[in-house]
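Chemist: Structure for the following, please:
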Amino acid sequence: MIPKFLFRFVFFLGILFTFFSTTVYAEFFSVKTKNLILFEGPSTSTKKKFIVTEGYPLKVIVSLKDWKKVEDHLGKISWAQTKNLDRERTVITLKSQATIYNKPSTSEAKLAHIDKFVALDLLSPVVTDGWIKVKSVSIGLEGFIKVNEVWGI
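Modeler: Have a look, this model is predicted:
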């Protein structure tokens, strides 16, 4: 028979692991087609809800073989065909004049100011002191941006 304290400890660890595994390791995909229609359900015969463009990140809530139930940056839920999604990670900027820095510090050189809702390639999903490393394909530079200025992490 398992002692009561050991049972409680293992139960607590299970709850803790479940919490962290769902919040820390959210699964994201990016849109790989020029325009992607998001649907109300996992079928093209359901109502069309939105259109998102190439590079837009989507958080996966449910995975089926051919469909993914996804969430956008506004928290809206819809369905996307898996064939139109890519595992390459991206983020989008949430504010005008989001700044990319040479190094992860506001005292470092500013490399660029990015407009709102611009997709950036995520070079590393690791958040270090509130910073992530990104790449802007359109202007060809790599640098660091504050996590609170983007969505998709």
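Chemist: gap between stretch 81-94 and the chain center?
Modeler: In terms of CA atoms, centre = their mean, to the nearest Å, the centre of stretch 81-94 is found 8 Å from the chain centre.
Chemist: the domain parsing of this protein - what is it?
Modeler: 28-86, 90-151 (automatic domain parsing).
Chemist: quick one: the helices in the chain?
Modeler: Assigned by DSSP state H, the chain shows helices spanning 4-24.
Chemist: which residues in it form strands?
Modeler: 28-31, 35-39, 48-53, 57-63, 67-71, 77-81, 85-86, 90-93, 98-101, 110-114, 119-128, 131-136, 141-146, 150-151 (DSSP state E).
Chemist: As JSON lines, those with mean neighbour count would be great.
Modeler: Where you see a C-beta, it was placed from the backbone N, CA and C, and this is true even at glycine. Shown next, in JSON lines, are the strands of the chain (neighbours: other CB atoms under 10 Å):
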{"stretch": "strand 28-31", "mean neighbour count": "22"}
{"stretch": "strand 35-39", "mean neighbour count": "17"}
{"stretch": "strand 48-53", "mean neighbour count": "14"}
{"stretch": "strand 57-63", "mean neighbour count": "17"}
{"stretch": "strand 67-71", "mean neighbour count": "20"}
{"stretch": "strand 77-81", "mean neighbour count": "19"}
{"stretch": "strand 85-86", "mean neighbour count": "16"}
{"stretch": "strand 90-93", "mean neighbour count": "24"}
{"stretch": "strand 98-101", "mean neighbour count": "20"}
{"stretch": "strand 110-114", "mean neighbour count": "16"}
{"stretch": "strand 119-128", "mean neighbour count": "16"}
{"stretch": "strand 131-136", "mean neighbour count": "20"}
{"stretch": "strand 141-146", "mean neighbour count": "19"}
{"stretch": "strand 150-151", "mean neighbour count": "21"}
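Chemist: Cool, thanks, signing off.
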